[in-house]
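[1] Got a predicted model here, sequence first, then my questions.
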Amino acid sequence: MSDRHVVGALFALGAWAGALPAQTDPALLARRDALRARADSLTSRLASLDAIARDSALTVTMRVGVFAVRTTPALQEIARAAFTQADAEARRALGTFADSLGGHLTLTLREQHRAWRASWTPLVGVRRVAEKDHIVSVSLEATLDGRDVPGVLVDYPLARGELATNTLAVVERAVGFNLAAPIEPWLNHRLPLRAASDGWSASLYRTLATSDAAVVRHCVAGDSVACRVGFALDSLPRDRVSAWYDASDLPTLARTAGDPMQRGWMLQAISNDLQEACVGQRQVEACRQMLARLPDEAFRIPMPGAARESLARLALEIGGAGAVSRLRQGGAPSIGAQLAAAAGVSTDELLRRWMARVAAARPASPLPNASFVLASLACIAVCYGWAAKGKPWN
Amino acid sequence: MFRAILYTQWKWARPVLLLAMLVAGYIPVDALRAAPYKSVDTYHIPSLYLGITSASVYYQLLALGVAVVVAISTWQADGQRRHVYALSLPVPRWRFVLLRFGAGAALLGTVAVAVGLFGALAAALAPLPPMLHAYPIGLAVRFWLGALVPFALIFALLSSDPRRVRLLVAAVVTVIVVDLLLASLGTTEKPLILGWVLDGLYSGRGPLAAFLSKWMLVDV
């Protein structure tokens, strides 16, 4: 049969099918609707059935310190060890509040399986090769009074310390969820409990000293008033641009401030000449006119999240056992007052200690350190030894 | 004798060394003049920091380039004359190599000094904001040590017994091929030995660690 015959046959079939009458039998229609309703009811139960299937492996339920834990038999031992460590660290950081967290936080440690692995070949690159089902990672999920808290995914095999650290990260989010209104978004919905490393502090110093906002740079330079304004500890300034930025910051700010929609409105409202004068020629007055077109919300608190986190961490450290409970009480007129209440010292004193800590974290001179010098010299010595024994005339 | 060897090596590498010194003078000028505003007589600090960070890469490339050229020029003349001059000298081989190495290191030192001097001069002329400080000496030391490592590696390779070099290259190639084969046959998930070598070279304690950190003329 040629292609022409096939096309002709299909055309005839289509013409006949189009002429079929629509079904109007009431019994058939009722049956169709009933089946449709049953299918819809199954769809609505799909999520819960799926959850039951996923949870079927979680046969171990135990209590480790403040945590109610659900996990699989394979993960039971490591979970107990890691959560015991995390519990001790959480108690140290949370103080008396840890006990009140007890009945509310449920942790689920779930195996994530995979039945393939990546295989690398020079020509094809990475490809999938089937293999025996095995655990590749473990997800740590949490609920606080039934509300989901963002969890983490940890590589398998697990290390106790790593799992404990990740557990603390989840606890930080759980505790940060229910803070009083002004400070919860200020802390990005996370209460910092883990101590910062020296490297992190040095990196924070560098970030602050080279910040986009003049107020942050002045704060690191030792201006405590600038710190108050930069952290927005008392309130948000009425004119945020003038309060937070100086003239040299404005061209960059005019290029970056606001979300895409706000920027779109601003660019529609101004002329190309004005934009060129600010961004291209860096004329401060033109930048001011551009920025005046943006709403206040386009200018967020200039002190980076890491700095706010470190200030809150310091307040909790100074405040000791009851600090978290005091922080969560709320009712303070400002963020500064709330942190001061947690720390048990005045806002000025808290800021003074924070500034001292940040100043102490200033990176040392960039002269190469001892290990770098030794590694270089060792390499040079080995190369010299190799060269001295060489006989290039051979 | 060291002076004579230093002088001859200086003569062989002079054009490149002079060019490197010029580049060493241009890098800080370029990095520091890019950031000031026309209408405001101050730096925009984040832009300045970004410029200095980019300059860090240029310093590393300069160090690498100078090290390669100085190492090659050190042995080029000896190689062309089949090492007759070196063999005719009344000094043991180890001492001759040490003299050659020392002269090369000293020549790299001159570029490092130029890096430090030009960096200090540029930083002194630029209106640096109070939060930022110039570290020309730290940069010069880092530059010198950073340049010495690739210089030593190439120096050793060029002054070795060619058979030994061929053996070394063959061994390295064999190991890499076997490693790639094992990975492609599925015995290992990825090339392991290659990964270890690269990790070792570029880890914080490896010989090439210098090229992983930033070589900042101006920092906080």
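    Alright, I've got the coordinates. Numbering: from 1, shown residues only, chains lettered A, B, ... in the order given.
[2] which helices and strands sit right next to the one helix or strand in chain B whose mean pLDDT sits lowest?
    None of the helices or strands of chain B scores lower by mean pLDDT, DSSP states H and E than helix B:84-88, at a mean of 76. If contacts are counted by 3 or more C-beta pairs under 8 Å, 6 or more residues apart in numbering or on different chains; DSSP states H and E, helix B:84-88 sits against helix B:45-80. Just so you know, the C-beta spots here come from the backbone N, C-alpha and C atoms, and that holds for glycine as well.
[3] for the helix it packs on, which positions count as buried?
    B:45-49, B:51-53, B:55-56, B:58-60, B:62-75, B:78 (16 or more other C-beta atoms under 10 Å in any protein chain shown).
[4] List the buried residues for the least confident helix or strand of chain B?
    Result for helix B:84-88 [16+ other C-beta under 10 Å]: buried residues B:Ala86.
[5] do the same with stretch B:156-166
    B:Ala156, B:Leu157, B:Leu158, B:Ser159, B:Ser160, B:Asp161, B:Arg164, B:Val165.
[6] near chain B, which residues of the stretch 1-150 of chain A?
    A:Arg117, A:Ala118, A:Ser119, A:Trp120, A:Thr121, A:Pro122, A:Val129 (C-beta under 8 Å from any C-beta of the partner chain).
[7] Just flag the most distant two among those residues.
    A:Arg117 and A:Pro122 (17.6 Å; C-beta to C-beta).
[8] out of those two, which sits in the more crowded spot?
    Applying other C-beta atoms under 10 Å in any protein chain shown to A:Arg117 and A:Pro122 shows that A:Arg117 carries more neighbours, namely 14 against 11.
[9] beta partners for that one?
    Listed by DSSP bridges, the beta-bridge partners for A:Arg117 are A:Val129.
[10] show me where pLDDT drops low in chain A?
    Along chain A, segments meeting pLDDT under 70 span A:1-4, A:6-8, A:13-22, A:122, A:393-394.
[11] Give me the longest helix you can find in it.
    helix A:26-55 (DSSP state H).
[12] quick one, strands of chain A?
    Taking DSSP state E as the test, the strands found in chain A are A:60-64, A:67-71, A:105-121, A:125-144, A:147-155.
[13] and those strands, which is most packed in?
    Stretch with highest mean neighbour count among the strands of chain A: strand A:67-71 (a mean of 21; mean count of other C-beta atoms under 10 Å in any protein chain shown).
[14] Tell me which strands that strand pairs with, and in which orientation.
    Partners of strand A:67-71, by DSSP bridges, with direction: strand A:60-64 (antiparallel), strand A:105-121 (parallel).
[15] For that strand, what is the distance to the chain centroid?
    Distance of strand A:67-71 from its chain centroid, counting by C-alpha atoms, centre = their mean, to the nearest Å, is 23 Å.
[16] orientation of it relative to strand A:125-144 in degrees?
    Taking axes from the mean of the first three to the mean of the last three C-alpha atoms, to 10 degrees, one finds strand A:67-71 and strand A:125-144 inclined to each other by 140 degrees.
[17] Helix A:26-55 and strand A:67-71, what's the angle between them?
    Going by the same axes, to 10 degrees, strand A:67-71 makes 110 degrees with helix A:26-55.
[18] Go ahead and name everything in contact with strand A:67-71.
    Strand A:67-71 is touched from outside by A:55, A:58, A:60-63, A:79, A:83, A:86-87, A:103, A:105-110, A:167, with contacts defined as C-beta atoms under 8 Å, 6 or more residues apart in numbering or on different chains.
[19] burial of the closest residue to A:Arg313 other than its chain neighbours, as a residue count?
    Leaving aside its chain neighbours, A:Arg313 sits nearest to A:Pro192 (4.5 Å; criterion: C-beta to C-beta, 6 or more residues apart in numbering or on different chains). Neighbour count of A:Pro192, defined by other C-beta under 10 Å: 24.
[20] For A:Gly320, see how far away A:Pro192 is.
    A:Pro192 sits at a distance of 16 Å from A:Gly320 (criterion: C-beta to C-beta, to the nearest Å).
[21] distance of the residue most central in space within chain B from B:Val111?
    In chain B, the residue lying closest to the centroid (C-alpha atoms, centre = their mean) is B:Ala147, at 2.5 Å. Distance, B:Ala147 to B:Val111, using C-beta to C-beta: 7 Å.
[22] intersection of neighbour lists for those two?
    With C-beta under 8 Å, 6+ apart, B:Ala147 and B:Val111 have common neighbours B:Ala63, B:Val66.
[23] show me the contacts for A:Arg308.
    Counting by C-beta under 8 Å, 6+ apart, the residues that A:Arg308 touches are A:Trp186, A:Leu187, A:Asn188, A:Phe231, A:Ile301.
[24] ok, now B:Ala134?
    B:Gly119, B:Ala120, B:Ala123, B:Ala124, B:Leu128, B:Leu217, B:Val218.
[25] Which of the buried residues of stretch B:156-166 fall within helices?
    Under the assignment DSSP H, the buried residues of stretch B:156-166 contribute B:Ala156, B:Leu157, B:Leu158, B:Arg164, B:Val165 to helices.
[26] Tell me which helix or strand B:Leu22 sits in.
    Per DSSP states H and E, B:Leu22 falls inside helix B:2-33.
[27] pretty sure the residue nearest to A:Arg313 is touching A:Ser310, no?
    Yes. Here A:Pro192 reaches A:Ser310: they are 7.5 Å apart, a contact under C-beta atoms under 8 Å.
[28] Distance of the closest residue to A:Leu233 other than its chain neighbours relative to A:Leu75?
    Of all residues not flanking A:Leu233 in the chain, A:Gly336 sits nearest, at 3.2 Å (C-beta to C-beta, 6+ apart). Look at A:Gly336 and A:Leu75: by C-beta to C-beta, they are 43 Å apart.
[29] what bridges to the nearest residue to A:Leu109 once chain neighbours are set aside?
    If the residues on either side of it in the chain are set aside, A:Leu109 comes closest to A:Thr71, at 4.0 Å by C-beta to C-beta, 6+ apart. Beta-bridge partners recorded for A:Thr71 (DSSP bridges): A:Val60.
[30] Would you write out the ChimeraX command that picks the buried residues out of the contacts of A:Arg308?
    Buried members of the contacts of A:Arg308, defined by 16+ other C-beta under 10 Å, are picked up in ChimeraX with:
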select /A:186,187,231,301
